[in-house]
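>>> Everything below, folded, please.
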Amino acid sequence: MVKVMAVNAGSSSLKFKLYEMPEEKVLCSGNAERIGHEDAIFGIKWADQSEKKILPILDHARAVELVVQAMLEKGIVKNMNEIKAVGHRIVQGGKYFSHSELFNKDTEDKIESLIPLAPLHNKAHLVGFRAFKKILPDVVNVAVFDTAFHQTMEPQDYVFPIPYEYTEKYDCRRYGAHGTSHKYLSEMGLKYLEGIKHPRIISCHIGSGASITAIKDGACVATSMGLTPLGGIMMGTRTGDLDPSVMNYLCKCTGKSVEEMYQIFNKQSGFQGVSEVSNDSRDVLKACDEGNEKAILANKLFIRRIADYIGQYYVRLGGADLIIFSAGIGENSARTREEVCEAISEALGVKINKELNSSIRGKEALLSTNDSKIKVAIIPTDEEVMIARDTFSFYK
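Numbers count the residues shown, from 1 in each chain. Prediction:
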């Protein structure tokens, strides 16, 4: 039995799980949410106990300190040397990685060079890796890449309609993200599709960062995020897809540089930018209930973008057998799920049990009714177990 840690650092979160492998027994799990806020949330579960507290977590380095402190204080490990391997989710592997890889200087340098393609993530991943490396200098560290699952896309799905020399010279193309999650969801979703020879799944990983993927026969055929995680649907602080001329126009209007505007598109847009309330959908929905018109507009934009992508991928797949909701918003916001399903119901014949939907939070469930033309399910994602499996394979 080997203790393996899976670390999943998102743009505003740090999920972690400690596994006993190969049994895949979870010894503890937890999450630091709302990183960057004074009222961040840190929670940990172990044995039959749990603890959650609100405190300032201003960066990912502090979140890692809290993880280590908690495991030692709760007696989950007697010392950190009990952990033999740590797997790290890495959003962007660029052209370099089509599978998981051991962390070494070359891997670290390449991940760092790709920060411009995932500015909110790759830097955070490296902070997590370096923090754990400092505490556990002799353990095996493995990078597990989100982009790997999307390598099965055909050129017409990942090439941009720009001068082809830029595609070749600068590797400018669609890479996608959340691949580890989408792969897990596609595997877990098969239980609802027994007897279907060529399953067609639309997986909706909807959190602070969000992406939608079209999956056929277990392989990605299209995904919403593009060159960077800025593309696709609207998110917590990201614009999602835009008319490319918006950048040029706003730079001229404001006098801001391309880099300044790019940072605004990444960090001050989405829910945050439109609602002017928060980047957190919970805060935005609360403001909606209070009649805040900008919050209401932000939510409508969010629902519309998700519905548009589901419709697009229905066509791309030649139909769909299952739509999966997952990640922070997808798993926990009954309102968002219901509003998305309402937006696609007339065109796609989707029907869900609204009473069941309203009672489900963070648990797996089949929401669709018997007369729905497409099955709809909530499946809590588990990127961490996928990370742990790859990491353990390197340790062996």
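>>> so who does the nearest residue to Gly179 once chain neighbours are set aside touch?
Leaving aside its sequence neighbours, Gly179 sits nearest to Phe149 (Cβ to Cβ, 6 or more residues apart in numbering; 3.1 Å). C-beta coordinates here come from the backbone N, C-alpha and C atoms, glycine included. When contacts are counted by Cβ atoms under 8 Å, 6 or more residues apart in numbering, Phe149 touches Gly176, Gly179, Thr180, His182, Lys183, Cys220.
>>> Out of the residues you listed, the closest to Lys78 would be?
Checking the contacts of Phe149 against Lys78 with Cβ to Cβ, the nearest one is Thr180 at 30.3 Å.
>>> Quick one, grab the pLDDT at Glu260.
Per-residue confidence (pLDDT) for Glu260: 96.
>>> Could you measure from it over to Gly43?
Per Cβ to Cβ, to the nearest Å, Glu260 is found 36 Å from Gly43.
>>> before we move on, the earlier item: look up phi and psi at the residue nearest to Gly179.
When read as degrees, to the nearest 10, the backbone of Phe149 gives phi -60, psi -30.
>>> can you pull out the strands in the chain?
2-9, 13-21, 25-33, 37-46, 49-57, 83-90, 101-102, 140-145, 200-206, 210-216, 219-223, 322-326, 365-366, 375-378 (DSSP state E).
>>> As JSON lines, these with mean neighbour count, distance to Leu190 and mean pLDDT would be great.
Formatted as JSON lines, the strands of the chain follow (neighbours: other Cβ atoms under 10 Å; distance: least, Cβ to Cβ, whole Å; pLDDT from 0 to 100):
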{"stretch": "strand 2-9", "mean neighbour count": "25", "distance to Leu190": "23", "mean pLDDT": "90"}
{"stretch": "strand 13-21", "mean neighbour count": "23", "distance to Leu190": "23", "mean pLDDT": "91"}
{"stretch": "strand 25-33", "mean neighbour count": "19", "distance to Leu190": "22", "mean pLDDT": "93"}
{"stretch": "strand 37-46", "mean neighbour count": "17", "distance to Leu190": "28", "mean pLDDT": "94"}
{"stretch": "strand 49-57", "mean neighbour count": "13", "distance to Leu190": "31", "mean pLDDT": "93"}
{"stretch": "strand 83-90", "mean neighbour count": "25", "distance to Leu190": "23", "mean pLDDT": "92"}
{"stretch": "strand 101-102", "mean neighbour count": "16", "distance to Leu190": "28", "mean pLDDT": "92"}
{"stretch": "strand 140-145", "mean neighbour count": "25", "distance to Leu190": "22", "mean pLDDT": "93"}
{"stretch": "strand 200-206", "mean neighbour count": "27", "distance to Leu190": "8", "mean pLDDT": "97"}
{"stretch": "strand 210-216", "mean neighbour count": "27", "distance to Leu190": "10", "mean pLDDT": "97"}
{"stretch": "strand 219-223", "mean neighbour count": "22", "distance to Leu190": "13", "mean pLDDT": "96"}
{"stretch": "strand 322-326", "mean neighbour count": "27", "distance to Leu190": "9", "mean pLDDT": "98"}
{"stretch": "strand 365-366", "mean neighbour count": "17", "distance to Leu190": "13", "mean pLDDT": "96"}
{"stretch": "strand 375-378", "mean neighbour count": "23", "distance to Leu190": "11", "mean pLDDT": "97"}
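>>> Minimum distance to Ala70: which of those has it?
Among the strands of the chain, strand 37-46 comes nearest to Ala70, with 4.9 Å by Cβ to Cβ.
>>> Not counting that closest one itself, show me its contacts.
Identification of contacts with strand 37-46 by Cβ under 8 Å, 6+ apart yields 27-34, 50-58, 63, 66-67, 70-71, 74, 76.
>>> residues of stretch 320-339 that come out buried?
Buried residues in stretch 320-339, counting neighbours by 16 or more other Cβ atoms under 10 Å, are found at 320-339.
>>> which stretches of the stretch 251-396 of the chain have low pLDDT?
Scanning the stretch 251-396 of the chain for pLDDT under 70 picks out the ranges 396.
>>> quick one: stretch 156-176 to chain centroid distance?
Taking Cα atoms, centre = their mean, to the nearest Å, the mean C-alpha location of stretch 156-176 is offset from the chain mean by 23 Å.
>>> need the contact list for Leu285.
Here Leu285 is in contact with Ala295, Asn299, Ser333, Arg335, Thr336 (Cβ under 8 Å, 6+ apart).
>>> Let me have those in a markdown table, extended by distance to Asn370.
Putting the contacts of Leu285 into a markdown table (distance: Cβ to Cβ, whole Å) gives the following:
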| residue | distance to Asn370 |
| --- | --- |
| Ala295 | 36 |
| Asn299 | 30 |
| Ser333 | 25 |
| Arg335 | 24 |
| Thr336 | 24 |
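>>> Can you pick out the ones from these that are in helices?
Residues of these located in helices (DSSP state H): Ala295, Asn299, Arg335, Thr336.
>>> And those residues, which is closest to Met234?
Using Cβ to Cβ, these come closest to Met234 at Asn299, 10.1 Å.
>>> I'd like to know how far the closest one sits from Phe325.
The gap separating Asn299 from Phe325 is 16 Å, by Cβ to Cβ.
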